[in-house]
Every structure is written in C-alpha cells, then in structure tokens.
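Q: show me how the following folds:
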Amino acid sequence: MALTKIEMVGAIQAHFGFSKTKCTELLDVLLEIIKKSLENGEDVMVSGFGKFCVNEKKERRGRNPATGEDLMLDKRRVITFKCSQGLRKKVDV
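A: From the prediction side, this is the model:
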C-alpha cells in the first residue's frame, strides 16, 4: 500500500501538533519547492533520504508494439531517484 498525502499530513500533525490546514500547507510548499527545482533541471538531494536527478534522454528509434511501425521518439527529460546508503540499509533489513 502506498503512503498517501493525507497520511503524510496526519503524521506531520501528530509529530508537531499543528492544525491539519497548517500541515497541509507545509507539505504543499515543500512539494512545490521540489517540483520547481526539478522543472528547472536542478537535482534535489535530501540528506539521509536520497537524490532526485533530472536526466536527458536523447532522441531514439522506437517501435509501435500494436502496429509494428518504426518511429522516432523525441528527446525528453526524466526524473530518477537514488536512495541514500542509510535509507537502503533501513529498507534492506
């Protein structure tokens, strides 16, 4: 099961004792900062958690699996995540 935004807001609220509205606003601002940085092509590193990286993919040949026709896939940017060693050790128990 995935951790939802509502569950994160609840955890922040339980930890700090802020109102639900304030916790939602805090999480929204944090996520917006991360999104803006990634949109600008900047990597985002959170110590003890991991690093979100923006990578450039070149234009390449592809194939439509339904029709078998060859086509060119446009270049694009993708986001990857590499977890920190500390997080990896905690997950790999």
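
Q: pLDDT on the longest helix seen in the chain, on average?
A: Assignment by DSSP state H gives helix 20-39 as the longest helix of the chain. Mean pLDDT, helix 20-39: 96.

Q: I'd like the next helix or strand past that helix.
A: strand 44-46 (DSSP states H and E).

Q: buried stuff in that following strand?
A: Of all the residues in strand 44-46, those buried under the rule 16 or more other C-beta atoms under 10 Å are V44. C-betas here are computed from N, CA, C, even on glycine.

Q: could you tell me how far that strand lies from the centre of the chain?
A: How far strand 44-46 lies from its chain's middle: 10 Å, per C-alpha atoms, centre = their mean, to the nearest Å.

Q: go on, stretch 49-60?
A: 11 Å.

Q: go on, stretch 36-47?
A: For stretch 36-47, the distance to the chain centre is 10 Å (C-alpha atoms, centre = their mean).
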